[in-house]
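In: quick one: sequence and predicted model below, then my questions.
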Amino acid sequence: MSSTPEAPTPAPDEARASTAVTAARLAELFPALFKGAPKPLKLRIQVDIQERAPGEFSKQALSAFFRRYTGATSYLIAVSKGQQRYDLDGQPAGELSDEHRKLAAEELARRRANAQARREQEEAGRRQRASLLRDFETTKLTKFYGKTRGIVD
C-alpha cells in the first residue's frame, strides 16, 4: 500500500470537457494547425507546445487531447493520404513515413470492417424480428388456444 495519495481519475464527462477546453485553447493559440481539417502533426509536437505556451497545458491534458485527436477518423484519413507533417504554424515539418501512412490506412480499414459487421448484425436482427412477427401474425396456434379456453369466438 502506497503512502502517497493518488490523484483521482476524472469522470468520463470531466475528461471530455477537459479535452474540449484543451482543443479550444490550442485552436486559439495555434489556429494554423488546430483549426479546420486535421493535419498530420509534427512528431513530438507536445514539446513545441510546452515551449511556446509554457504552463498553459498540463502534460496530462495534452496527452488526453492528443489521444483523442490522433485517434479520430478524420485525423487518420489525413495521415493515410498526407505526405507532410505540420508544425504549430501550419508549416511543413517533415515527411510522413510510409509506415505511418500504412498504419493509419490499416486502422481505417479495421474500423470500416467493424462498422460493416455491426450493420450486418443489426440487419440480421431486423430480419429475424420481422420473421418472428410474420410467424406470429400467421400462426393458427393463438386462435386455437383461445378457442379451447373460451377466449376467442
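Out: Thanks, I have it.
In: phi, psi for the residue most central in space within the chain please.
Out: Centroid-nearest residue in the chain, with Cα atoms, centre = their mean: residue 72, separated by 5.1 Å. Phi and psi for residue 72, reported as degrees, to the nearest 10, are phi -70, psi 140.
In: and the closest residue in space to it that isn't next to it in sequence, how far is that from residue 98?
Out: Nearest non-adjacent residue to residue 72, counting by Cβ to Cβ, 6 or more residues apart in numbering: residue 38, 6.8 Å away. Backbone N, C-alpha and C define where each C-beta goes, glycine included. From residue 38 across to residue 98, the span is 20 Å (Cβ to Cβ, to the nearest Å).
In: who's more crowded, those two?
Out: residue 38 (19 against 8; other Cβ atoms under 10 Å).
In: assign a three-state SS to the more buried one, would you?
Out: Put simply, residue 38 is coil when judged by DSSP: H, G, I helix; E, B strand; the rest coil.
In: need the longest helix for the protein.
Out: Criterion DSSP state H: the longest helix present in the chain is helix 98-138.
In: thought residue 35 was touching residue 28?
Out: No - taking contacts as Cβ atoms under 8 Å, residue 35 lies outside contact range of residue 28: 9.0 Å.
In: related to what we said a few turns ago, from the chain's centre, how far out does the longest helix of the chain sit?
Out: The chain centroid and the centroid of helix 98-138 are separated by 17 Å under Cα atoms, centre = their mean, to the nearest Å.
In: cool, stretch 85-97 as well?
Out: Here stretch 85-97 is found 23 Å from its chain centre; the criterion is Cα atoms, centre = their mean.
In: can you give me the end-to-end span of that stretch?
Out: Terminal residues of stretch 85-97 are spaced 10 Å apart (Cα to Cα, to the nearest Å).
In: what comes up buried for it?
Out: 85-88, 93, 96 (16 or more other Cβ atoms under 10 Å).
In: out of those, what pair is the most spread apart?
Out: 88 and 96 (17.2 Å; Cβ to Cβ).
In: in helices, which of the buried residues of stretch 85-97 fall?
Out: Per DSSP H, these never map to helices.
In: redo those residues as TSV? Include pLDDT and distance to residue 59.
Out: Output for these, formatted as TSV (pLDDT from 0 to 100; distance: Cβ to Cβ, whole Å):
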residue	pLDDT	distance to residue 59
85	97	21
86	97	22
87	96	20
88	96	17
93	95	21
96	95	25
